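> sequence first, then the predicted structure:
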Amino acid sequence: MSVKGFIFDLDGVLTDTAEYHYRAWQRLADEEGIPFNRQDNEALRGVSRRESLNLLLKGRQISEAQAQAWMERKNNYYREMLTQISPGDILPGVCDLLHALHISGIKVAVASASKNARQVMDNLGLVEDIDVICDGHSVAIPKPAPDLFLYAAAQLGLPPDLCVVVEDAEAGVEAALAAGMRCIGLGPVERVGKATLVLPNLDDVDLPDLLAKLC
């Protein structure tokens, strides 16, 4: 079966903003006296801001007003750090793959749970290389539900089975498969092993070879 569209996650796939997310959550947790470390942060990979807060709280109860205020605070910390992002932060292999996809006539979307995806893409200088940008504002139900990827495919004008998702998070892989799409998982097998194809990263990826393995 042919491939007509690629849908990329953002954090950990096109650039590594995961460290910024971790530092922002860590700062909030420290201020509120909540135990939180890098191991805890792994569970937050690829999920929405609200679900991340729920995981951070570990069952601790707070009011809805507090929850909204805390998420806004965390986002402000994160946005402060985003000003540091530049084209130099694009991960290896990304630009070459995007160029190859463009030459091949394959449509490209970014589908990220982040509500700051457009700002990040702008800072990276990649907006003109992408046909569609979908973010945390695009759908109501976040990953691991398939809604975001289905929305991205619809925006590209393609059926799900002609799309390939590139993800680095377990929740994202689950969402892609639930959407009926093939998935390239980036990272360790323990995290993305359910993907159609698992790669360590996108460095030196050959598009024809990649498509052959997917099809």
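On my side now, so go ahead.

> list the buried ones in the lengthiest helix in the chain?
Counting by DSSP state H, the longest helix found in the chain is helix 64-82. Buried residues in helix 64-82, defined by neighbour count with 16 or more other C-beta atoms under 10 Å: 70-71, 74-75, 77-78, 82. (Each C-beta comes from the backbone N, C-alpha and C, glycine too.)

> which residues of this protein score low on pLDDT?
1 (pLDDT under 70).

> in it, which spans are helices?
Taking DSSP H as the criterion, the chain carries its helices at 18-32, 38-42, 49-57, 64-82, 94-104, 117-124, 147-156, 170-178, 189-192, 207-214.

> ok so, going back, need the contact partners of the longest helix of the chain.
The contact list for helix 64-82 (C-beta atoms under 8 Å, 6 or more residues apart in numbering) reads 17, 20-21, 23-25, 27-28, 32, 49-50, 53, 62, 115-116, 119-120, 123.

> what residues of stretch 107-123 count as buried?
If you call a residue buried by 16+ other C-beta under 10 Å, then stretch 107-123 has these buried ones: 107-118, 120-121, 123.

> nearest residue to I34 other than its sequence neighbours?
In space, and not counting its chain neighbours, I34 is closest to L56: 6.4 Å by C-beta to C-beta, 6 or more residues apart in numbering.

> what about the one you found, how many neighbours?
Neighbour count of L56, defined by other C-beta atoms under 10 Å: 22.

> what's the answer for P160, then?
Around P160 there are 20 residues (other C-beta under 10 Å).

> contact partners for the closest residue to it other than its chain neighbours?
Distance criterion C-beta to C-beta, 6+ apart; nearest residue to P160, sequence neighbours excluded, is G180 at 4.3 Å. Listed by C-beta under 8 Å, 6+ apart, the contact partners of G180 are 146, 160-161.

> again with L186
L186 touches 12-13, 166-168, 192, 198-202, counting by C-beta under 8 Å, 6+ apart.

> repeat that with 7 Å
13, 166-168, 192, 199, 201-202 (C-beta atoms under 7 Å, 6 or more residues apart in numbering).

> who wins for most neighbours among these?
E167 (29 neighbours).

> excluding chain neighbours, what is closest to that one?
Nearest to E167 is D9, by C-beta to C-beta, 6+ apart, at 4.8 Å.

> excluding its backbone neighbours, what's nearest D204?
Per C-beta to C-beta, 6+ apart, closest to D204 is G93, 6.2 Å.

> got a list of what the one you found touches?
G93 neighbours (C-beta under 7 Å, 6+ apart): 201-205.

> just M181 next, same as before
149, 160, 163-165.

> run the last query once more with 10 Å
The contact partners of M181, by C-beta atoms under 10 Å, 6 or more residues apart in numbering, come to 3, 5, 7, 146, 149-150, 152-153, 158-165, 175, 196.

> what about the closest residue to K213 other than its chain neighbours, distance to A176?
Nearest residue to K213 in three dimensions, chain neighbours excluded: L197, at 5.6 Å (C-beta to C-beta, 6+ apart). For L197, the distance to A176 equals 11 Å [C-beta to C-beta, to the nearest Å].

> tell me which of those two has more neighbours.
A176 (31 against 15).

> just confirm the more buried one contacts D168, I think it does.
No: using C-beta atoms under 10 Å, A176 makes no contact with D168, being 11.6 Å away.
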